[in-house]
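Colleague: Pasted the sequence and its predicted model underneath.
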Amino acid sequence: MVSCCLASQIGVDWTRVTAGQEAEQKERFVRDLGVESVIAIGNGANDAGMLAAAGLGIAVLGEEGTAVSALLAADIVSRTISEALDLMLTPKRLLASLRH
């Protein structure tokens, strides 16, 4: 999640997930936003529902690893969050990643 101070500086609304039922909160947040307009990025088991619900789910294989449930729920797998975000800047790479 984006920190509140950084979010304020760049004009981004932010929501903090509270302790307990994080997976359900994340998935509900995506659904409330409208799944077709959400790109979700995550690597944990509590991200799986959010990744599956989002219009585009990206699992990240960070240094800490990735939960199998997150990998299975995602549409794309990326090595780092930076690479995942870079996909948004290069639509041709994103489309190439989504081809079946």
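Modeller: That came through fine. Residues are numbered from 1 along each chain as shown.

Colleague: what residue ranges in the chain score low on pLDDT?
Modeller: The model of the chain has pLDDT under 70 over residues 1-7, 100.

Colleague: just the strands in it please.
Modeller: Assigned by DSSP state E, the chain shows strands spanning 39-42, 56-60, 76-78.

Colleague: elements contacting the longest helix along the chain?
Modeller: Assignment by DSSP state H gives helix 22-33 as the longest helix of the chain. Contact here means 3 or more C-beta pairs under 8 Å, 6 or more residues apart in numbering; DSSP states H and E; on that basis helix 22-33 packs against strand 39-42, helix 48-53. For the C-beta atoms, the positions are set from N, CA and C on the backbone; glycine is no exception.

Colleague: for the residue nearest the centre of the chain, what are its contacts?
Modeller: Central residue of the chain (C-alpha atoms, centre = their mean): I41, 1.8 Å from the mean position. If you count contacts by C-beta atoms under 8 Å, 6 or more residues apart in numbering, I41 has them with I58, V60, S78, I81, A84, L85.

Colleague: What is the nearest of those residues to V12?
Modeller: L85 (13.7 Å; C-beta to C-beta).

Colleague: which residues pair with the residue nearest to that closest one when sequence neighbours are not counted across the strands?
Modeller: Spatial nearest neighbour of L85, chain neighbours left out: I41 (7.6 Å); criterion: C-beta to C-beta, 6 or more residues apart in numbering. As for beta bridges, I41 partners with I58 under DSSP bridges.

Colleague: Could you measure from I41 over to G20?
Modeller: 22 Å (C-beta to C-beta, to the nearest Å).

Colleague: Please tell me how far stretch 67-85 is from the chain's geometric centre.
Modeller: Centroid separation between stretch 67-85 and its chain, computed with C-alpha atoms, centre = their mean, to the nearest Å, is 8 Å.
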